[in-house]
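S.K.: generate coordinates for the sequence data below:
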Amino acid sequence: MRIQLVEKDPKLLEKLTRRLEEAGVNVTATAPRSEEELAHWQPEGNLIVAGQHPLFADLKVLARSAWPTPLIALLPTLDPHDIVEAARSGAMDVFDRSAGINQIADWVTYWCKQHEASQSTRRLSDHFYSDTCSFMKTLQSNIERVALTDSTVLIVGETGTGKELAARQVHRISPRREQPIITVNCAAIPETLIESELFGYEKGAFTGATNNRVGLIEAASGGTLFLDEIGELPLAAQARLLRFMQEGEIRRIGSVTSKKVDVRLVCATHRNLAALSEHNEFRRDLFYRIDVLRLDIPPLREREGDITAMANWFIEQQSHKLGVPAKPLSKSSLQILEAHHWPGNVRELQNVIERALVMSPGATLDIALSAGAMSDHTEHEEASASTTRLAADDSSQELSLEDYFQRFVLQHQDAMNETELAQKLGISRKCLWERRQRFGIPREKQKSA
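M.R.: Numbering: from 1, shown residues only. Next up, the predicted model:
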């Protein structure tokens, strides 16, 4: 547990720090020294102990700067009025700063234990919380910050990384948490129905419209609208969505009047929207509208220390769900987990653990990757080796993106189809075809046997 002491009295600071460190609490005593530093100040601990400090004479200022890190306060007196004001300012508890050092230290230690217990319970019930991965700690901090605002959020990451979980977490800790979050998978709704689903329609607007229908945007009014896979949204629907974002109002299909709605928009995609907008596959003005606050979710293979920890967390969760005993992972299984590339990310890991819990007969869990997963892993290794060879072959000069594209396509087009080539290059099939035409390397039709 790490706490941050905000206190100007050097004697109290020194004595309390020494006593808390003896109790096993890690103490940070840094604090901003000017208004300029205060504007960029970020808490460095899991809990803040607020004493007296010239920049934080008003406890509200400190609580606002520290949010969402919890705060407890040392007050010069415990007058009931002061206690009430401290609570209104955001302090979880208060204590008399004139008390003995041992008493103050015991009080701080108690709240450290309370905070750790609440964090442990929250992590188990809600979602996996990374204690080791710096990427995920940064992501968690960013989620807590963007949740404070009503600005539009764009969540990007590979398939299976947990973009919807991040969106729900943003909503859960936002001021809109008491209102609904409406989730829309833009890739799952037929193109002919997407506009009526989002905006609703009036009775008689088209054949089959026998009643008025509230759209999903209107249903989310007061809360959050989560548009998953927004890169798959048709261009016509993108234009109407852009107007909704600009004007804050919608018009049902078949209606002549518009209606104001109050919705916080969160979008997610695994596609490169900037590249899509360059090729007119996604409206550029809409991209700029939704790319306000961005949350980048790293793939599982880049989350250092998380694979084994998350596997153990899934064992606890899935064993309870399936009604089977939890078992530890075997040594060979741990090696397989760490060596695998995880193209399906967290979703793939969850399925692997669930399969192992059901199918492992012994006292330990034996991980068995599917043939498809092993094939994906082999292809990734071959692609990585190919990239290494390209770099080695051209060590005297740096390859441009165009050179790399041409050499990669020429080297792999006999072994891969167009979909596989596009996936490896991180572009769409249409973009691959356009680049082939531009560079003069059209694909020859495969000869039939």
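
S.K.: for stretch 284-301, the distance to its chain's centre please.
M.R.: Offset of stretch 284-301 from its chain centre (Cα atoms, centre = their mean, to the nearest Å): 11 Å.

S.K.: what mean pLDDT does that stretch have?
M.R.: The pLDDT scores in stretch 284-301 average 93.

S.K.: export it to PDB, keeping only CA atoms.
M.R.: Only the C-alpha atoms of stretch 284-301 are listed here, as PDB (Å, rounded to 0.1, in the frame of the first residue of the first chain):
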ATOM      1  CA  ARG A 284     -13.300  12.300 -42.000                       C
ATOM      2  CA  ASP A 285     -15.500  14.900 -40.200                       C
ATOM      3  CA  LEU A 286     -17.100  12.200 -38.100                       C
ATOM      4  CA  PHE A 287     -13.700  10.700 -37.200                       C
ATOM      5  CA  TYR A 288     -12.600  14.100 -35.900                       C
ATOM      6  CA  ARG A 289     -15.800  14.400 -33.900                       C
ATOM      7  CA  ILE A 290     -15.400  11.000 -32.100                       C
ATOM      8  CA  ASP A 291     -11.700  11.100 -31.700                       C
ATOM      9  CA  VAL A 292     -11.800  13.500 -28.700                       C
ATOM     10  CA  LEU A 293     -10.700  11.400 -25.700                       C
ATOM     11  CA  ARG A 294      -8.900   8.200 -26.800                       C
ATOM     12  CA  LEU A 295      -8.400   5.000 -24.800                       C
ATOM     13  CA  ASP A 296      -5.900   2.600 -26.400                       C
ATOM     14  CA  ILE A 297      -6.200  -1.000 -25.100                       C
ATOM     15  CA  PRO A 298      -3.000  -3.000 -25.500                       C
ATOM     16  CA  PRO A 299      -3.200  -6.600 -26.900                       C
ATOM     17  CA  LEU A 300      -2.700  -9.300 -24.300                       C
ATOM     18  CA  ARG A 301       0.800 -10.200 -25.600                       C
END
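
S.K.: check which residues of that stretch are buried.
M.R.: Neighbour-count burial for stretch 284-301 flags L286, F287, R289, I290, D291, L293, L295, I297, P298, P299, L300, R301 (criterion: 16 or more other Cβ atoms under 10 Å). C-betas here are computed from N, CA, C, even on glycine.

S.K.: before we move on, which element is the second one in?
M.R.: Translated: F287. Using DSSP states H and E, F287 falls within helix 284-290.

S.K.: re earlier: which among the buried residues of stretch 284-301 gets closest to I307?
M.R.: Closest approach between the buried residues of stretch 284-301 and I307, by Cβ to Cβ: L300, at 6.4 Å.

S.K.: residues contacting that closest one?
M.R.: With contact set as Cβ atoms under 8 Å, 6 or more residues apart in numbering, L300 has these partners: G160, T161, D306, I307, M310, W342, N345, V346, E348, L349.

S.K.: pLDDT-wise, what's the bottom of these?
M.R.: Pick the lowest pLDDT in the contacts of L300 and you get D306, at 86.

S.K.: distance check, that residue against E338.
M.R.: Using Cβ to Cβ, to the nearest Å, D306 is found at 11 Å from E338.

S.K.: which of these two has more residues huddled nearby?
M.R.: More crowded of D306 and E338, by other Cβ atoms under 10 Å: D306, with 22 against 11.

S.K.: if I look at the closest residue in space to the more buried one that isn't next to it in sequence, how far off is P328?
M.R.: Spatial nearest neighbour of D306, excluding adjacent residues (Cβ to Cβ, 6 or more residues apart in numbering): C133 at 4.8 Å. Between C133 and P328 the computed distance is 22 Å (Cβ to Cβ).

S.K.: more neighbours: these two, which one.
M.R.: Using other Cβ under 10 Å, the more surrounded residue of C133 and P328 is C133, with 20 against 12.
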